[in-house]
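# Show me how the following folds:
(one chain, ligands or ions: 1)
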Amino acid sequence: MISNVEEVLLAEPRGFCAGVDRAIEIVERALVKFGAPIYVRHEIVHNTYVVNDLKAKGAIFIEDLADVPPGATLVFSAHGVSKAVRQEAARRGFQVFDATCPLVTKVHVEVAKLAREGYEFIMIGHKGHPEVEGTMGQLSDGIYLVEDIPDVARVQPRTDKLAVVTQTTLSVDDAAAILAEVKRLFPQVREPKKQDICYATQNRQDAVKVLAPAVDVVIVVGSPTSSNSSRLRELAERLGTEAHMVEGADDLQPAWFEGRRRVGLTAGASAPDVLVQAVITRLRELGALSIRKMDGVTEDVHFPLPRGLGDRSMSEVVSSRS
Ligand code: SF4
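Predicted coordinates for the structure are as follows:
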């Protein structure tokens, strides 16, 4: 097999976002402060390496709160939870730390506020994704999921007061097309002041739009369960560049690089940099001589930790240059 890889171009930004960073830190700090085991509802973030690393440190991942013993410490994942899950955790008396990304919580707060004003909702998102279950589960009814354009016509709201919310990790372009259909069929719909797709999703997709046309093949580091990672791979392919998603360096197949001089590399918001570095090492073995960062947005976003887990430097700083 002949590999012609000469150069690796790195998308900027790529990898961990502030919400993922915070969620992992919450589990790690809980382990240090309270000792193992710490129970985590659902994968803390959708990345196999991260989950296995935390398992090795004493985290136990569960889906059903019935599997958590009385008196245990429980962490909600970055994707957020429904009201029912929150109430059940309180009823069972767990010590809870909430690692829901503050940008997901913002959507939950908006849904609750508008529901009190009599609104119903169209939620644009992927069925079965825990974030969608968590956001839809803020209400007992009156929130309708649409996954694509044809779904919009099937929505039958019971009121004219209709608002739209979206999953934070969607394809920006797909969400815009679905939103256009929502506005066409429901012209009175209320949109959020700032769209729910988060800064990290937007920035990583923008970076792939710069990267993909400049390379012969794109590698996305991420786990298949990761929505934002999957969207990066799809986006590169839509732009006409072959793209592959890998969990790590071992998944790279030399055949992908045959006759390809430039490789583009990015990573989903839940993929740690150690995996990206391992992929770079493997690409060097395949012949890459130069590793170059693309120009892109610099992110400077930090979220505070929940009370009871201590402070960290910059923890009160919440800012975005996106
Ligand atoms: S991808 Fe966005 S919404 Fe999800 S954890 Fe990261 S910053 Fe939060």
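# anything in the longest helix seen in the chain near the ligand?
Longest helix in the chain by number of residues (criterion: DSSP state H): helix 18-34. Yes - judged by Cβ under 6 Å from any ligand atom, helix 18-34 comes into contact with the ligand at 18, 19, 20. (C-beta placed from N, C-alpha, C; glycine too.)
# and the second one, what does it touch?
Just to be clear, that refers to residue 19. Contacts were defined as Cβ atoms under 8 Å, 6 or more residues apart in numbering; by that measure residue 19 touches 78, 101, 102, 103, 104, 198, 200, 269, 303.
# Which single one of those residues is nearest to residue 223?
Of all those, residue 223 sits closest to residue 269, with 11.3 Å by Cβ to Cβ.
# for the closest one, what are its contacts?
Counting by Cβ under 8 Å, 6+ apart, residue 269 makes contact with 15, 16, 17, 19, 20, 169, 200, 201, 204, 226, 228, 229.
# what about it, which helix or strand?
Using DSSP states H and E, residue 269 is not contained in any helix or strand.
# What's opposite residue 9 in the beta bridge?
residue 264, residue 292 (DSSP bridges).
# list the contacts for it?
Residue 9 is in contact with 211, 214, 215, 262, 263, 264, 265, 292, 293, 294, counting by Cβ under 8 Å, 6+ apart.
# possible to save those residues as TSV with distance to the ligand, neighbour count and pLDDT?
As requested, the contacts of residue 9 are exported to TSV (distance: Cβ to the nearest ligand atom, whole Å; neighbours: other Cβ atoms under 10 Å; pLDDT from 0 to 100):
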residue	distance to the ligand	neighbour count	pLDDT
211	18	26	98
214	24	14	98
215	24	23	98
262	27	20	98
263	24	26	98
264	20	26	98
265	19	24	98
292	25	10	98
293	21	12	97
294	20	19	97
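# check the contacts of residue 19 against the ligand, which are close?
When contact is defined as Cβ under 6 Å from any ligand atom, the contacts of residue 19 meet the ligand at 78, 101, 103, 104, 198, 200, 269.
# ok, the second one touching residue 78?
Think residue 101. Yes - contact status for residue 101 versus residue 78: in contact at 4.8 Å, counting by Cβ atoms under 8 Å.
# higher neighbour count, those two?
residue 78 (30 against 26; other Cβ atoms under 10 Å).
# do you know how far the more buried one is from residue 18?
10 Å (Cβ to Cβ, to the nearest Å).
# follow-up on the earlier one: how about the longest helix of the chain: buried residues?
Buried residues in helix 18-34, defined by neighbour count with 16 or more other Cβ atoms under 10 Å: 18-31, 34.
# Among the contacts of residue 19, which pair sits farthest apart?
The distance between the two most remote of those (Cβ to Cβ) is 14.0 Å, for 102 and 269.
# show me where pLDDT drops low in the stretch 1-150 of the chain?
Scanning the stretch 1-150 of the chain for pLDDT under 70 picks out 1-2.
# Flag every residue of it that's near the ligand.
Residues of the stretch 1-150 of the chain that fall close to the ligand, judged by Cβ under 6 Å from any ligand atom: 17, 18, 19, 20, 78, 101, 103, 104.
# if you set the cut-off to 8 Å instead, what comes out?
Contact residues, the stretch 1-150 of the chain versus the ligand (Cβ under 8 Å from any ligand atom): 17-20, 22-23, 45, 78-79, 101-104, 131.
# mind checking the end-to-end distance for stretch 57-73?
Start and end residues of stretch 57-73 are separated by 15 Å (Cα to Cα, to the nearest Å).
# which phi and psi does the residue lying closest to residue 289 once chain neighbours are set aside have?
Nearest in space to residue 289, with sequence neighbours left out and distances taken as Cβ to Cβ, 6 or more residues apart in numbering, is residue 6 at 6.0 Å. Torsion angles at residue 6 (phi, psi; degrees, to the nearest 10) stand at phi -110, psi -40.
# how about residue 160, what does it touch?
Residues in contact with residue 160 (Cβ under 8 Å, 6+ apart) are residue 188.
# Confirm that it sits in a strand.
No - with DSSP: H, G, I helix; E, B strand; the rest coil as the criterion, residue 160 is located in coil rather than a strand.
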